Structures are given as structure tokens and as C-alpha cells.
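In: sequence and predicted structure below; questions after.
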Amino acid sequence: MEIANRSRLGGPVESDIKQVAPLQRTVNTLWAHLLTGADYLALPQRVVLGMDKPMRDIRDDEGNIVDEEEIPLTRFSRDRLLWLSKVGTQIAQYSAADLGNFLRVIEAAVRHIAAQTRTPPHYLLGEMSNIAADALTAAESGLVAKVVDKQIQFGADTREIMRLEALAAGDTARAESLAMGKVLWRDAQFRSEAQYADALTKYKAIGVPDEALWRMIPGVEPEQVEAWIRMRDAQAQASAQAAAAAFAEIGPKPDGGDDDTDEAEDEAA
């Protein structure tokens, strides 16, 4: 079964990367230009000015010059040696090209991709240093909202997939239960344990039941919540029994206990 992304009533589904595919192709093209420039322009280039092409004589078996031919320039690149024999010959140098222009355009394109896809820029650019917690939360708010929206859209399809899996396995009872069930998602936003504890404490202060607070803790399964409820009830029962036993020790005695004491005091007198 297909999980439809950004489904529409009047048209087919649409991919999240469709709108940024042209920008990604632009980034790929710029990277290709950058690598090509790195091959030819990243280092200073030296050139010989005012010199004829290097030639060598061709001799016959008797040592007579019969012709001449060019010396391959690759030999000078390999041997790292060149004689400048002509008067006025000089060496010039071309400076290396600034490839940073490509990087700045690529970075701007990546920022546009991050903005259009609601992806935090530091996820793509790796720029993250001395960022406050509130600023980091604000930077990720767009992505969190996008994930929450996806959870709403994907919930019904995910439930249907699980129902079909139960039918394929022959478990009709579980399939019927899943048809009426609800998909539970984890919190889309990452929070530290201290942040969760602070939030749950504030919810507790306004009267939210313990069971509801336990279900809000990330990673806690419903079975674990049920176990905590049984443990809490058992602890409360044990505390009540202990309090009752202590009250029986220090509380008023049953009827008749005082009369026996009075009789014992009279006999002693």
C-alpha cells in the first residue's frame, strides 16, 4: 500500500523535493564547474614568453641533419627542466583563480533549499557553534511543524498497512481492533530529559493526572504505564496498611481495656 505524500483531492500526490529539484540541479552544475576550475585554475600557471617551440634535430645514420621535430611539452612537465636559449625569453605567471565565488553561490542555493523544505540550515551547511538553546529550537521549529503535519497525513495510511498485515497473517481479531485504533507518534521535537521533567512538573501543578503525564514521557510503552499504575496502587495500599497498624498501636484501646486497668490498680492499692 502506498503512503501518499501531500495528497490532493483534485490531483496526484506531490513529492517534497519537486519544488527544490531545479535548485539541486543548479548546485550539481556549480560543483561540476568548481571541480573543472580546480583542475585548470586552482594553481598559479607559468608560461614562457618570447621563445620558439622547442625543436630537436633528426639525423641519418651518418650523422647528417635531415629534418627537425618538436619536442613534446609533456617531457618538460615530467622532467621539470627547460632551457631558455633565445634572447629576450622570459617566464611569466598567471595567478590562480578565485574559486570561492562558486562556493558562495552554492551556499546561497543550499540556504534556499533549506528554506523551501523547512530544513534547519545547520543540517545542510554544518555551521553550528555557540548556538543558544532557544535559537536552536527556533531554527528547528519549521521542521518540527512539517513532521507534525506528516504525522497527521500518514496516520491513517499507516493504520491501514498494519490492518492489512494482520489480515495477511490470518489474525482477523487484531485486524478489526486495528481498524478502530489510532497511530501514536513520538514527540517530533527533540527535548532533553530536563526539559521533559520541567514540562511534566508544570502539567502536574495544574492538575493533570499521573497516568496522562506518564504517557507523555518519550519511549514509555502503554504496558509500562499499566505496570506503574499497579505499582502505585500497591504502594498506596501498603502505606495505608502501615498507617492503620501504627494507629492501632498508639490509638485508643478497645472497650474493656480501661476496666481491667482500673481493677489492677485497685488490687494494688
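Out: Received it, and whenever you're ready, just let me know what you need.
In: when you work out contacts or count neighbours from here on, use the C-alpha atoms and nothing else.
Out: Noted.
In: tell me, how many residues neighbour the nearest residue to Gly219 once chain neighbours are set aside?
Out: By the measure of Cα to Cα, 6 or more residues apart in numbering, the closest residue to Gly219 outside its immediate chain neighbours is Arg186, 7.7 Å from it. As a burial measure, Arg186 scores 13 neighbours (other Cα atoms under 10 Å).
In: and Arg186, that's in a helix?
Out: No: counting by DSSP: H, G, I helix; E, B strand; the rest coil, Arg186 is not found in a helix; it is coil.
In: wait, Ala42 touches Tyr94, no?
Out: No: counting by Cα atoms under 8 Å, Tyr94 is not a contact partner of Ala42; they are 10.8 Å apart.
In: higher neighbour count, these two?
Out: Ala42 (16 against 11).
In: so who does that one touch?
Out: Contact partners of Ala42, counting by Cα atoms under 8 Å, 6 or more residues apart in numbering, are 96-99.
In: just Pro121 next, same as before
Out: Neighbours of Pro121 in contact, by Cα under 8 Å, 6+ apart: 111, 114-115, 127, 139.
In: so what's Ala92 bridging to?
Out: For Ala92, the beta-bridge partners under DSSP bridges are Val47.
In: show the model's pLDDT score for it.
Out: As predicted, Ala92 sits at a pLDDT of 86.
In: surely it touches Gly50?
Out: No: taking contacts as Cα under 8 Å, Ala92 lies outside contact range of Gly50: 10.5 Å.
In: shaky segments in the stretch 151-269 of the chain?
Out: For the stretch 151-269 of the chain, the stretches with pLDDT under 70 are 251-269.
In: quick one: the helices in it?
Out: 172-179, 193-205, 210-215, 222-250, 257-268 (DSSP state H, counting those that start in this stretch).
In: other SSEs contacting the shortest one?
Out: Spelled out, it's helix 210-215. helix 193-205, helix 222-250 (3 or more Cα pairs under 8 Å, 6 or more residues apart in numbering; DSSP states H and E).
In: for Ser7, find the nearest of those helices.
Out: helix 222-250 (31.5 Å; Cα to Cα).
In: what's the offset of the closest one from the middle of its chain?
Out: 43 Å (Cα atoms, centre = their mean, to the nearest Å).
In: cool, and stretch 118-134?
Out: Distance, centroid of stretch 118-134 to centroid of chain: 11 Å (Cα atoms, centre = their mean).
In: ends of that stretch, how far apart?
Out: Distance across stretch 118-134, first residue to last, is 18 Å (Cα to Cα, to the nearest Å).
In: nearest residue to the middle of the protein?
Out: Centrality entry for the chain: nearest residue to the mean C-alpha point is Tyr123, 7.1 Å, by Cα atoms, centre = their mean.
In: did I read that right, that residue in a helix?
Out: Yes: the assignment for Tyr123 (three-state DSSP) places it in a helix.
In: so what's it up against?
Out: Contact analysis of Tyr123 by Cα under 8 Å, 6+ apart lists nothing.
In: so how far is Asp134 from it?
Out: Using Cα to Cα, Tyr123 is found at 17 Å from Asp134.
In: over to Arg78?
Out: 58 Å.
In: any stretches of the stretch 1-150 of the chain with poor pLDDT?
Out: In the stretch 1-150 of the chain (pLDDT under 70), the answer is 1, 8-10, 128-130.
In: which parts of it are strands?
Out: 45-49, 55-59, 65-70, 90-94 (DSSP state E, counting those that start in this stretch).
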